[in-house]
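S.K.: generate a structure from the sequence data that follows.
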Amino acid sequence: MLVSLQFKLELKGEDKEKLIKLMRRQSSAIRTAYNMLKELEKEKTRNPHAQIYHRLRQLFPELPTKYIDSAIYKAKQYPTDKSVVFGGRRLFEKLYKNHLTGKAREELKNQWRGGN
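M.R.: Numbering: from 1, shown residues only. Prediction:
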């Protein structure tokens with residue numbers, strides 16, 4: 001018998017910021033792993049997982065090992081023959097439509113890229 005629990009987690013202040021930063025780094029690691037996977041696939045490289053793992057370990061030393069492996073597996077789930085957009089759809093559509101200019105557009109671009 002499988003038992004599932006569901007609960008609401010409320011984070012405040014510093015803990016919430018730490019979680020958001022960790023999520024952004026994880027998303028960046030997934031995006032980087034995906035791009036590396038596409039490059040290594042073109043080169044027909046043997047054992048791309050190990051190469052990607054070592055490069056992500058260098059780029060994201062603060063991420064736990066489990067998160068790096070997870071990023072690689074998630075990146076492998078995306079199709080490499082099609083274009084993939086990382087980030088929120090609503091924010092992407094706002095940027096894509098080009099209705100914003102100047103500082104407001106740059107702030108949205110920074111937010112879409114995962115900046116602070």
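
S.K.: longest helix of this structure?
M.R.: Secondary structure assigned by DSSP state H gives helix 13-42 as the longest helix of the chain.

S.K.: quick one: list the elements packing against that one.
M.R.: The helices and strands touching helix 13-42, judged by 3 or more CB pairs under 8 Å, 6 or more residues apart in numbering; DSSP states H and E, are helix 48-59, helix 65-77. All C-beta spots, glycine's among them, are computed from the backbone N, C-alpha and C.

S.K.: buried residues in that helix?
M.R.: Judged by neighbour count using 16 or more other CB atoms under 10 Å, the buried positions of helix 13-42 are Arg25, Gln26, Ser28, Ala29, Ile30, Arg31, Thr32, Ala33, Tyr34, Met36, Leu37, Leu40.

S.K.: Thr32 touches Arg57, doesn't it?
M.R.: No - the pair Thr32 and Arg57 does not pass the contact test of CB atoms under 8 Å, sitting 11.5 Å apart.

S.K.: next, the angle from the longest helix of the chain to helix 65-77.
M.R.: Orientation note: helix 13-42 sits at an angle of 50 degrees relative to helix 65-77 (axes from the mean of the first three to the mean of the last three CA atoms, to 10 degrees).

S.K.: mean confidence for helix 13-42?
M.R.: Helix 13-42 shows an average pLDDT of 87 in the prediction.

S.K.: now swap in stretch 60-75 and tell me
M.R.: Stretch 60-75 shows a mean pLDDT of 92.

S.K.: contact partners of that stretch?
M.R.: Stretch 60-75 has contacts (CB atoms under 8 Å, 6 or more residues apart in numbering) with 22, 25-26, 28-34, 37, 49, 52-53, 56-57.
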